[in-house]
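*Asks:* The amino acid sequence is not available; the structure is as follows:
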């Protein structure tokens, strides 16, 4: 099944309870509206909080947005994988397997912590 917008996706999930959801972060809220990554992030957060816990594969050109939801993803009960859409289809199929097995996979750019907690930065500034 394919959904071009959030409303259709929510309807299909309620009807069919899929085992795997492949989610593009840039999705439109309703038919004929522009796709926005904020809508996809909100949708992903709803999926991560749902009791259904479907396995999820996130495809996007900007997967760094997932850093915002990293604690929720780590606590998620279903499988989760994320990848850049520019990678080969073979990589996508491998990550589908990872998600279906219930594992969690983050690409390297999400595993490395590239941001500092502002409080620690303040402590270091005051100290030195």
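*Replies:* Thanks, I have the structure now. What you see is a predicted model, and the numbers here were worked out from it, not measured in a lab.

*Asks:* C-alpha from now on. contacts and neighbour counts both.
*Replies:* Fine.

*Asks:* Mind telling me what element residue 52 is part of?
*Replies:* Under DSSP states H and E, no helix or strand contains residue 52.

*Asks:* Please tell me how far the closest residue in space to it that isn't next to it in sequence sits from residue 50.
*Replies:* Counting by C-alpha to C-alpha, 6 or more residues apart in numbering, the nearest residue to residue 52 once its immediate chain neighbours are dropped is residue 17, at 7.5 Å. Residue 17 is 11 Å from residue 50, where distance means C-alpha to C-alpha, to the nearest Å.

*Asks:* And residue 58, by the same measure?
*Replies:* 16 Å.

*Asks:* just for this structure, where's the confidence low?
*Replies:* Across the chain, the ranges flagged by pLDDT under 70 are 112-117.

*Asks:* phi, psi of the residue most central in space within the chain?
*Replies:* Centroid-nearest residue in the chain: residue 58, 4.7 Å away (criterion: C-alpha atoms, centre = their mean). Here is the backbone geometry of residue 58 (degrees, to the nearest 10): phi -100, psi 130.

*Asks:* quick one: it and residue 91, what's the gap?
*Replies:* From residue 58 over to residue 91 (counting by C-alpha to C-alpha), the distance is 13 Å.

*Asks:* and if you look at residue 77?
*Replies:* Using C-alpha to C-alpha, one gets 23 Å for the distance from residue 77 to residue 91.

*Asks:* Which one's more surrounded, the two?
*Replies:* Neighbour count, other C-alpha atoms under 10 Å: between residue 77 and residue 91, residue 77 has more, with 19 against 13.

*Asks:* Not counting sequence-adjacent ones, nearest residue to that one?
*Replies:* Residue nearest to residue 77 in three dimensions, not counting chain neighbours: residue 53, with 6.1 Å by C-alpha to C-alpha, 6+ apart.

*Asks:* count of neighbours near the one you found?
*Replies:* For residue 53, the count of nearby residues is 18 (other C-alpha under 10 Å).

*Asks:* The one 4 residues further on too?
*Replies:* Counted with other C-alpha under 10 Å, the burial measure for residue 57 works out to 25 neighbours.
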